[in-house]
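J.: how does the following fold in three dimensions:
(4 chains)
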Number of protein chains: 2
Amino acid sequence: MAKAMTEDSLAEAIAYELRREILRGNLPPGAPIKERDNAERQGVSRTPMREAIRILAKEGLVQLRPLRSPVVADPSLSEIIDQIRVLHALELLSGELACEKASDDEIARIGSLKDRIENIYGEADTLDVFELDMQFHSAIVAASHNAALAETHGAYMARLWRARYLSARRRLSRDRVLRQHKAIHAALARRDANAIKAEIAAHLGAMIANIEDHFREAGNDERG
Amino acid sequence: MAKAMTEDSLAEAIAYELRREILRGNLPPGAPIKERDNAERQGVSRTPMREAIRILAKEGLVQLRPLRSPVVADPSLSEIIDQIRVLHALELLSGELACEKASDDEIARIGSLKDRIENIYGEADTLDVFELDMQFHSAIVAASHNAALAETHGAYMARLWRARYLSARRRLSRDRVLRQHKAIHAALARRDANAIKAEIAAHLGAMIANIEDHFREAGNDERG
DNA sequence: CTTGCGAACTTGGTATACCAGACCAGCTAC
DNA sequence: GTAGCTGGTCTGGTATACCAAGTTCGCAAG
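T.: Residues are numbered from 1 along each chain as shown, chains lettered A, B, ... in the order given. Predicted structure coming up:
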């Protein structure tokens, strides 16, 4: 994964790094993100750090509280499921639109992403697999040729990154995920809107099941 | 509409005022939003003004450009339709969930909002009607008991406020809008998910038609 | 008259300093 | 011993100063 230090602004670069810290778990849910401390640690001033925190807050990874330190978001199971439901609706729309508007090149690219994920799944760093998986889904969204949809979908993917990370670590889900990716790509290649919607529903349903399992196992230590 | 000067931060209050300026048309699409000038005009420093601009940018009302002044967003017809498609998907989900989860009280409140809109439609200030209409739709979303959905839906409502404003000024659409509101409420009262989805689809379809008409009439003066 | 170069101004980006409110610890008075 | 106040300290919020990059306009040379 390429570094993102070439971002337009410092704030975005900081947000990128902070995001990875959060998703990797170095900054666990509930941890405070103090403007001063973090700014000093990363060697920047508070201004861009502040803006970076706002970016992550808008994405839902960080929770702002009036007159308190922002904290890493610690969504409950029900909140995560709510978010997945929205993501689901967005992906259904993108699947439908993609069947209608995707170019053959775009479909081919989606297919090659599917193949790459198959090849590295279970071998490479989980976070890297994730960025590929995100590219797979984002490519479908991009193929729908709807900028607003792409933007909102991207925000939800980032917001659910941690949940998806936890979900994907469940080994039993591996084959299912790969099979579903294949089915989604096949439906898109046939431009079969109903089929792709069904496959996407199954894909998201599996994700919910995984996350429910995770919460059940991990115990609901002071969660809601 | 009550003032929002009681917001947590100055930036949010500025964002609120700026948003109204944009939606009222005092700041027309394409107008530059210079940090220094606007900050001075409103008597604040650049810092909160900057943050306010970022808030509006995230909402899509303002467009940020690297190394250029931000400008009031001037979406093309196709971009607006793309956004409405997303809004449509969100409202379908909210209608479906609301049928399942809404309390009787919530449904009653939605009904009373519908009645209030009927009563003042065409008489009160258009912007006020709009905030009521927004409350009607937001109440349905709230009744779906999905915080993420509510948040994203609210962002799209704000983003499309101007387009909806232009759409609703078309007198011919008045009766249709009121009838559709009534049908949506009735379907919700029956908890008929399929019916509410059909009605919402019609509602959004009418909105697209109105906006297409507007663009056709207004001429595509240097629009994309 | 045209064209190329450069300086000044305008812009957003960043750093720093200051402010006010909230929280906490320790002391004091009952 | 405990409850309540009070000072210090930590926090985010705001203002301001500085910087670098881009645009523009004017002047001079051809």
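J.: CA only for contacts and neighbour counts going forward, please
T.: Fine.
J.: next, the buried residues of the worst-scoring helix or strand of chain A on mean pLDDT.
T.: When each helix and strand of chain A is scored by mean pLDDT, DSSP states H and E, helix A:161-168 comes last, with a mean of 82. Of the residues in helix A:161-168, those with enough neighbours to count as buried (16 or more other CA atoms under 10 Å in any protein chain shown) are A:161-168.
J.: quick one: list the elements packing against that helix.
T.: Applying 3 or more CA pairs under 8 Å, 6 or more residues apart in numbering or on different chains; DSSP states H and E, we find helix A:161-168 packed against helix A:126-143, helix A:193-218.
J.: element containing the closest residue to A:His181 other than its chain neighbours, please.
T.: On the basis of CA to CA, 6 or more residues apart in numbering or on different chains, the spatially nearest residue to A:His181 that is not a chain neighbour turns out to be A:Lys114, at 6.4 Å. Secondary structure assigned from DSSP states H and E places A:Lys114 in helix A:104-120.
J.: what's that helix packed up against?
T.: The criterion is 3+ CA pairs under 8 Å, 6+ apart, and the helices and strands that helix A:104-120 contacts are helix A:126-143, helix A:173-189.
J.: between the two ends of stretch A:56-63, how far is it?
T.: This stretch, stretch A:56-63, spans 8 Å end to end (CA to CA, to the nearest Å).
J.: from chain A, which residue is nearest to DNA strand C?
T.: Here the residue of chain A nearest DNA strand C is A:Leu10; by CA to the nearest atom of the strand that distance is 3.1 Å.
J.: now the most far-flung residue of chain A relative to its centre, what's its secondary structure?
T.: In terms of distance from the mean C-alpha position of chain A, A:Leu67 ranks first, at 29.2 Å (CA atoms, centre = their mean). Taken by DSSP: H, G, I helix; E, B strand; the rest coil, the conformation at A:Leu67 corresponds to coil.
J.: so what's the residue sitting nearest the centre point of chain A up against?
T.: In chain A, the residue lying closest to the centroid (CA atoms, centre = their mean) is A:Met157, at 2.8 Å. With contacts defined as CA atoms under 8 Å, 6 or more residues apart in numbering or on different chains, the neighbours of A:Met157 are A:87, A:134.
J.: thinking again about what came up before, and of the helices and strands packed on helix A:161-168, who's closest to DNA strand D?
T.: When those are compared by CA to the nearest atom of the strand, helix A:126-143 sits nearest DNA strand D, at 27.3 Å.
J.: which elements pack onto the closest one?
T.: If contacts are counted by 3+ CA pairs under 8 Å, 6+ apart, helix A:126-143 sits against helix A:77-101, helix A:104-120, helix A:147-159, helix A:161-168.
J.: quick check: A:Ser103 vs DNA strand D, distance?
T.: Applying CA to the nearest atom of the strand, to the nearest Å, the value for A:Ser103 to DNA strand D is 33 Å.
J.: tell me, how many residues neighbour A:Glu106?
T.: With neighbours defined by other CA atoms under 10 Å in any protein chain shown, the count for A:Glu106 comes to 17.
J.: and if you look at A:Gly60?
T.: Here the neighbour count serves as a burial measure; for A:Gly60 (other CA under 10 Å) it reads 20.
J.: make sure it is actually in contact with A:Gln83.
T.: No - because the distance of 10.2 Å does not satisfy CA atoms under 8 Å, A:Gly60 is recorded as not touching A:Gln83.
J.: below-threshold pLDDT in chain A: ranges please.
T.: In the predicted model, chain A carries pLDDT under 70 at residues A:1-8, A:124, A:171-173, A:219-224.
J.: residues from it in reach of DNA strand D?
T.: With CA under 7 Å from any atom of the strand as the criterion, chain A meets DNA strand D at residues A:32-37, A:47, A:66-70.
J.: and DNA strand C, which of the residues you listed contact it?
T.: Among those, proximity to DNA strand C is found for A:47, A:67 (CA under 7 Å from any atom of the strand).
J.: neighbour-wise, give me the winner out of the residues of chain A next to DNA strand D.
T.: Neighbours were tallied for each of the residues of chain A next to DNA strand D (criterion: other CA under 10 Å), and the maximum of 22 neighbours falls on A:Ile33.
J.: sweet, I'm off.
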